[in-house]
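Trainee: The following block contains a protein sequence and its predicted model.
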Amino acid sequence: MVRSPRLLRPFGRAVTYTRLLHLSIAIVWPSLWLFVREAWWTWAVAALLLVPVGLVPAMRTVEGLQARMLLTGQRPDGESAGVVVAPSAGWGDRGRLVVWLQARLLIGCATSLFLVQSLIATVDLVSAAFGQDVDVALLGGHRGWHVLLVPVLLAAMAGTVLAAGSLITAVALRLLGPSAAERLTALEERTEQLLERNRIARELHDSIGHALTVAVVQAGAARAAADPAFTDRALIAIEETGRAALEDLERVLGVLRESGRPVGSRPTLADADRLLESARASGAKVDVETTGPLDTVPGPVSREGYRILQESLTNVLRHAGAVPVTVRIAVDGGGLGLEVRNPLTARIPGPGRGSGLRGIRERAALLGGRAHTGPDRGDWQVRVDLPLR
């Protein structure tokens, strides 16, 4: 494959010519007016008429779409942090748009004038080289060598096209770019997206980790028991837990595939029965004590409480096996208290081990609460207190 010289590569890109088209569009209507009124002041009038035009909010959208498509080579409906297509939101946006329209007209006029004059001069030089009578008195009487100036003019025209295109693009990024308020809004949206994906990752870890732990415990218990009836119950528990995990996985993947799609309904503490039944089906003896109305717990607190309870029960099954578990859920006027206790075993997960315990503490901290995980009076305890407001 033969590569073109470096200096010629820009002329193989479509954006080089669309930038020239963008500059040409800016001077179409002043040029038509110039044919009617052959006077220099027509350009001054054209520049003044652009002032009220730039104050129209919708013009920012029109100019932004043109700049995206012709100057940056992006799709008009694509996302770009450089050029904004939203209407003007304030006088600052309107002022920048007025300056942009004036700059576009000025750069377009200067570029077009130079290119037209250079093209006329090129034609005259070629014609003079062939003996035609043209006005080349300034070049001297020997017309044969005039043709040697043609490459110089062509190079100057090519350089002007590239320079003008780069200049108008830089001006567009400066004047049609986002304002300080729009940059702050975009940053907040990006932060929300990152936080949402971090939360989704934690949910996926909790849900799938719980399902796999239950399946492993159930399969091991069924093999050790060698009891057909127990094996049937274990398979039913594995099936139900796996089905719930698949539903969670499908929902999470749907959110990841469609960034604008809402998260949708997520389980809350009102759905905690399925977690408790899953743990009981794995052989653990779960004692539950609930005080206070769970339906009054705000949605975010109740959803995070469900995930904390899920991760706590998963840790019990993973590290302690089928042991007695005490679950206490208390709702009072100011907060939600959640406690999960189980007897200590030889394997004690330390405070800094595992992403599950860290996830519990992170969930509590994000809601303004606190979490304690560790040994307590011969038991392993997970204690979380979350404010309701």
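Mentor: Thanks, I have the structure now.

Trainee: CA atoms for contacts and neighbours, from now on please.
Mentor: Fine.

Trainee: So what's the predicted local confidence for residue 162?
Mentor: pLDDT, the model's per-residue confidence, is 92 for residue 162.

Trainee: Which residue, neighbours along the chain excluded, lies closest to it?
Mentor: Excluding its sequence neighbours, the residue lying closest to residue 162 (CA to CA, 6 or more residues apart in numbering) is residue 16, at 6.8 Å.

Trainee: Now do the contacts for that neighbour.
Mentor: Contact analysis of residue 16 by CA atoms under 8 Å, 6 or more residues apart in numbering lists 10, 161-162, 165.

Trainee: same thing but 10 Å
Mentor: Applying CA atoms under 10 Å, 6 or more residues apart in numbering, one finds that residue 16 lies in contact with 10, 70-73, 161-162, 164-166.

Trainee: Which pLDDT value does the model give it?
Mentor: At residue 16, the predicted lDDT confidence score is 88.

Trainee: how about the CA coordinates for the helix or strand containing it, as PDB?
Mentor: Following DSSP states H and E, one finds residue 16 within helix 14-26. Only the C-alpha atoms of helix 14-26 are listed here, as PDB (Å, rounded to 0.1, in the frame of the first residue of the first chain):
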ATOM      1  CA  ALA A  14     -13.500  14.800   4.000                       C
ATOM      2  CA  VAL A  15     -13.500  17.300   6.900                       C
ATOM      3  CA  THR A  16     -11.000  19.500   5.000                       C
ATOM      4  CA  TYR A  17     -13.600  20.200   2.300                       C
ATOM      5  CA  THR A  18     -16.600  20.300   4.600                       C
ATOM      6  CA  ARG A  19     -14.800  23.100   6.600                       C
ATOM      7  CA  LEU A  20     -14.400  25.000   3.400                       C
ATOM      8  CA  LEU A  21     -18.100  24.500   2.600                       C
ATOM      9  CA  HIS A  22     -18.900  25.700   6.100                       C
ATOM     10  CA  LEU A  23     -17.000  29.000   5.400                       C
ATOM     11  CA  SER A  24     -18.600  29.300   2.000                       C
ATOM     12  CA  ILE A  25     -22.100  29.000   3.400                       C
ATOM     13  CA  ALA A  26     -21.500  32.000   5.700                       C
END
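
Trainee: Only the buried residues of that helix, if you could.
Mentor: For helix 14-26, a neighbour-count test (16 or more other CA atoms under 10 Å) marks 15-20, 22-24, 26 as buried.

Trainee: Mind telling me what element residue 381 is part of?
Mentor: In this assignment (DSSP H and E), residue 381 forms part of strand 379-387.

Trainee: next one: that strand to chain centre, how far?
Mentor: Computed by CA atoms, centre = their mean, to the nearest Å, the separation of strand 379-387 from the middle of its chain amounts to 35 Å.
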